[in-house]
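Peer 1: no FASTA, just this:
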């Protein structure tokens, strides 16, 4: 099992110590660094900035939001970063949620699975560069028809004017729901789960197997399929002290992300058997009491989906993950904590 560093997104500014952590991870032999975006910092620019000082670590978006860019714009960014990094880029994308898509990007959220199919198909056509890119739609028609309101009817099919460094640049799909998870196995080169637990490994493998059974002929062999799971990590003098450090993080995702009717993060955690407790977390968060929301996050939930405690505690907890379908553990942590885990992560 490989290890990655999750650089995430930020609010006030770049996370303290992240640039140094990326350099450390590159030298220490970690597999990858992953970025994200919500409605502030973007996912591509930090990889170009921090990645310029690295030589071997993979650079990946985890995730770039589909609604932030057209499929062709995403393919352009992916090809550019792949060239600049010498073939070290991986494209992780996801549909995000209705609150962000409709509130920030001003686009409809309906039919996320159908949109994802179209989106990935267009990105692959751009990367293949076998012919000018056309797509029937309905979500991403290329070229746009002249009868569409505002269109002048002069669009023509185009082919990327650069040759991609790799036509088979890996595309990974972020998914939390069952249908989207199977879709990742069917059409993508990897799955980006969040709030996964070793206890649900059997269910995850079933969903992936259902998608693998539908894969089209000629696609990348499933033995190369990557499961890069984002896992929160906190280092402290004890397991419980580390659990307390992560409670606000989980409260934010359970109560502060999504809308009252659509919170995919809370739904993913609820499937672990904590639905009632998470409703309480969400209620406190909605009332503006973030402290009570964090306190209501069950310790058992944190232990199931995170790595917590001393370096020795974390080394012991990793044994459960090594038996799962996960191929890469992407660690969400204070980047300044990484050197203390050097022996655990590098086997030294």
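Peer 2: Looks like it arrived, so ask away. Small disclaimer: the values here were computed from a predicted structure and weren't measured. Numbering: from 1, shown residues only.
Peer 1: without its sequence neighbours, what residue ends up closest to residue 34?
Peer 2: residue 62 (3.4 Å; C-beta to C-beta, 6 or more residues apart in numbering). Bear in mind the C-beta positions are built from the backbone N, C-alpha and C, glycine included.
Peer 1: surely the one you found and residue 35 touch.
Peer 2: Yes: contact criterion C-beta atoms under 8 Å: residue 62 and residue 35 qualify, at 6.6 Å.
Peer 1: any residues in contact with both of these two?
Peer 2: Common contact partners of residue 62 and residue 35 (C-beta atoms under 8 Å, 6 or more residues apart in numbering): residue 43.
Peer 1: can you name every helix or strand that the least confident helix or strand in the chain by mean pLDDT contacts?
Peer 2: Here the helix or strand of the chain ranked lowest by mean pLDDT, DSSP states H and E is helix 264-269, holding a mean of 88. Helix 264-269 is packed against helix 275-286, with contacts defined by 3 or more C-beta pairs under 8 Å, 6 or more residues apart in numbering; DSSP states H and E.
Peer 1: now do 10 Å
Peer 2: Taking 3 or more C-beta pairs under 10 Å, 6 or more residues apart in numbering; DSSP states H and E as contact, the helices and strands that helix 264-269 lies on are helix 239-251, helix 275-286, helix 299-305.
Peer 1: quick one: the helices in the stretch 101-250 of the chain?
Peer 2: 112-128, 178-187, 201-212, 239-251 (DSSP state H, counting those that start in this stretch).
Peer 1: ok, back up a step: between the helices and strands packed on helix 264-269, which one is nearest to residue 135?
Peer 2: helix 299-305 (37.4 Å; C-beta to C-beta).
Peer 1: tell me which helix or strand comes right after the closest one.
Peer 2: Using DSSP states H and E, the helix or strand that follows helix 299-305 in sequence is strand 307-309.
Peer 1: distance from that following strand to the middle of the chain?
Peer 2: With C-alpha atoms, centre = their mean, to the nearest Å as the basis, strand 307-309 stands 21 Å off its chain's centre.
Peer 1: ok, that strand: who's next to it in the sheet?
Peer 2: Strand pairing for strand 307-309, determined by DSSP bridges: strand 226-235 (parallel).
Peer 1: give me the pLDDT value at the closest residue to residue 39 other than its chain neighbours.
Peer 2: Take residue 39 and drop its neighbours on the chain: the residue closest to it by C-beta to C-beta, 6+ apart is residue 104, 4.4 Å away. The confidence metric pLDDT takes the value 96 at residue 104.
Peer 1: circling back to that earlier point, make a markdown table out of the helices of the stretch 101-250 of the chain and add mean pLDDT.
Peer 2: Converted to a markdown table, the helices of the stretch 101-250 of the chain look like this (pLDDT from 0 to 100):
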| stretch | mean pLDDT |
| --- | --- |
| helix 112-128 | 98 |
| helix 178-187 | 97 |
| helix 201-212 | 97 |
| helix 239-251 | 96 |
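Peer 1: which one of those helices lies closest to residue 43?
Peer 2: Judging those by C-beta to C-beta, what sits closest to residue 43 is helix 112-128, at 14.7 Å.
Peer 1: mind listing what's buried in the closest one?
Peer 2: 112, 115, 116, 118, 119, 120, 122, 123, 124, 125, 126, 127 (16 or more other C-beta atoms under 10 Å).
Peer 1: can I get those residues in JSON lines including distance to residue 342?
Peer 2: Shown next, in JSON lines, are the buried residues of helix 112-128 (distance: C-beta to C-beta, whole Å):
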{"residue": "112", "distance to residue 342": "40"}
{"residue": "115", "distance to residue 342": "42"}
{"residue": "116", "distance to residue 342": "38"}
{"residue": "118", "distance to residue 342": "43"}
{"residue": "119", "distance to residue 342": "39"}
{"residue": "120", "distance to residue 342": "37"}
{"residue": "122", "distance to residue 342": "42"}
{"residue": "123", "distance to residue 342": "36"}
{"residue": "124", "distance to residue 342": "38"}
{"residue": "125", "distance to residue 342": "43"}
{"residue": "126", "distance to residue 342": "40"}
{"residue": "127", "distance to residue 342": "36"}
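Peer 1: and which of those is nearest to residue 135?
Peer 2: residue 122 (5.3 Å).
Peer 1: now residue 140, what are its backbone angles?
Peer 2: phi -130, psi 70 (degrees, to the nearest 10).
Peer 1: need the contact list for it.
Peer 2: 66, 70, 71, 72, 115, 118, 119, 121, 122 (C-beta atoms under 10 Å, 6 or more residues apart in numbering).
Peer 1: what's the most distant pair in those?
Peer 2: Distance extremes for those: the farthest pair is 72 and 115 at 14.6 Å, using C-beta to C-beta.
Peer 1: and the least confident helix or strand of the chain, how far from the chain's centre?
Peer 2: Relative to its chain's centre, helix 264-269 lies at 14 Å (C-alpha atoms, centre = their mean).
Peer 1: list of residues touching it?
Peer 2: Everything outside helix 264-269 that qualifies as a contact, by C-beta under 10 Å, 6+ apart, is 94-98, 112, 174-177, 180, 193-197, 200, 250, 252-258, 263, 274-275, 277-279, 281-282, 297-298, 301, 304-305.
Peer 1: residue nearest the centroid of the chain?
Peer 2: In the chain, the centroid-proximal residue (C-alpha atoms, centre = their mean) is residue 62; its distance is 3.2 Å.
Peer 1: I appreciate the help and will end here.
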